[in-house]
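Undergrad: pasting the sequence and the predicted model now:
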Amino acid sequence: MTGVNAAGKSFVTSDGPVPAEGAWSSPQRDADGADLWLLNQVPVDLSDTHDPIAGYKGQERPPPGGVIARIVRWHPGFAIKMHRSATIDFCFIISGRVELLLEEGSATLGPGDWVVQRGTVHGWRVVGDEPCVGVAVLVATKS
């Protein structure tokens with residue numbers, strides 16, 4: 001994390017692993033990951049320098065007006081049924097392959113691919129025999 005010191009210069013304020021509270025595992029879903037950052041409200045107050053994941057209680061979706069940055073590892077066999085989320089999600093695939101299932105059609109994503117999932121009905125399915133690692137930024141929507 002970066003910040004501004006007493007002299008008004010930018011610097012690294014913390015550099016290390018995500019606090020343990022941010023890590024999560026869902027063996028029944030063949031998935032694990034970590035919530036990397038949480039914004040409770042946008043726009044953000046840059047004078048607030050605390051790590052929002054320290055003391056964090058995990059949540060599936062960001063709070064109204066908020067944002068969650070998350071890294072996830074879906075294991076081979078992972079699939080999540082069709083659902084709709086009240087978020088706009090910016091998803092970036094780091095490794096492995098995953099199929100984004102839609103009501104009409106699908107798209108298979110691999111390393112370097114990304115998708116903006118705009119609150120539509122969708123599902124996910126890992127393709128192949130290696131885990132799929134992705135990073136997502138979930139932004140709350142009005143509806």
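TA: Yes, it's here.

Undergrad: quick check, central residue of this protein?
TA: residue 70 (2.6 Å; Cα atoms, centre = their mean).

Undergrad: identify the residues contacting that residue.
TA: 33, 34, 35, 36, 135, 136, 137, 138 (Cβ atoms under 8 Å, 6 or more residues apart in numbering). Using the backbone N, CA and C atoms, a C-beta is placed for each residue, glycine as well.

Undergrad: and residue 132, by the same measure?
TA: Contacts of residue 132 by Cβ under 8 Å, 6+ apart are 73, 74, 78, 93, 95, 96, 97, 98, 126.

Undergrad: quick one: which of those residues has the most company?
TA: residue 98 (26 neighbours; other Cβ atoms under 10 Å).

Undergrad: mind checking how far the nearest residue to that residue once chain neighbours are set aside is from residue 100?
TA: In this structure, residue 98 finds its nearest non-sequential neighbour in residue 132, 4.4 Å apart by Cβ to Cβ, 6 or more residues apart in numbering. Taking Cβ to Cβ, to the nearest Å as the measure, residue 132 falls 11 Å from residue 100.

Undergrad: ok, now residue 116?
TA: 11 Å.

Undergrad: same thing with residue 127?
TA: From residue 127 to residue 100 the distance is 10 Å (Cβ to Cβ).

Undergrad: check residue 84 too.
TA: Distance from residue 84 to residue 100, by Cβ to Cβ: 14 Å.

Undergrad: of those two, who's got more company?
TA: residue 100 (19 against 9).

Undergrad: where exactly do the strands run in the protein?
TA: Under the criterion DSSP state E, strands of the chain are mapped to 2-4, 10-12, 23-26, 31-39, 67-74, 79-83, 87-95, 98-102, 106-109, 114-118, 122-126, 132-140.

Undergrad: in the chain, where is pLDDT below threshold?
TA: 143 (pLDDT under 70).

Undergrad: need the contact list for residue 67.
TA: Contacts of residue 67 by Cβ under 8 Å, 6+ apart are 37, 38, 39, 42, 137, 138, 139, 140.

Undergrad: that one and residue 83, how far apart?
TA: 20 Å.

Undergrad: same question for residue 72.
TA: For residue 72 relative to residue 83 (Cβ to Cβ), the value is 15 Å.
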